[in-house]
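Enquirer: Sequence and predicted structure are below.
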Amino acid sequence: MRWRFDPLSLVWAVALFLVLVLLATVGARWGWLRSFFGDVLAVVWVYFVFRTVIGARVLPLALAALGVGLAVELGQYLAAAWHLHIPNRALRIVLGSTADWWDVLAYVIGFAAVLAIESLRDAVVRAARPQASAP
């Protein structure tokens, strides 16, 4: 693992962030699409944020992104158990306020989506490489 800057990952992170902002604001009345799909995209977004600045294999970065989602969910559970309330409305929207097993499933689907996206990208890159000719 090393520090580096990947501009393409930054472009993806910014694009996904804009989609997440749209889901959180305009999509407030979209029910499961906002909540479930937003949680799926959140893990993918965290992955691309990590990938922007960390040079590492796909699996460790994807697991770290999944870990962030699970940590947020654990925080929601503990906040409810201890009757804590986040007073800032924007922070409540970003972090959520209710722990739910469906969120955990969404995070796992986001993790699987990252692995699928990266596998597909690797296949495309391999297919685009010129084949070495035998002498």
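Expert: Perfect, thanks for sending it.
Enquirer: Need the nearest residue in space to residue 17, chain neighbours excluded.
Expert: By the measure of Cβ to Cβ, 6 or more residues apart in numbering, the closest residue to residue 17 outside its immediate chain neighbours is residue 45, 6.1 Å from it. Every C-beta, even on glycine, is put in place using the N, C-alpha and C of the backbone.
Enquirer: what's the longest helix in this structure?
Expert: When the chain is parsed with DSSP state H, its longest helix is helix 101-128.
Enquirer: and that helix, which residues are buried?
Expert: Buried residues in helix 101-128, counted by 16 or more other Cβ atoms under 10 Å: 103-104, 106-111, 113-114, 117-118.
Enquirer: Next: stretch 38-56.
Expert: For stretch 38-56, by 16+ other Cβ under 10 Å, it's 38-52, 54.
Enquirer: same question, stretch 64-77
Expert: Buried-residue list, stretch 64-77, by 16+ other Cβ under 10 Å: 65-66, 68-70, 72-73, 76.
Enquirer: can you give me the helices in this structure?
Expert: In the chain, the helices defined using DSSP H lie at 7-25, 32, 38-53, 58-81, 89-95, 101-128.
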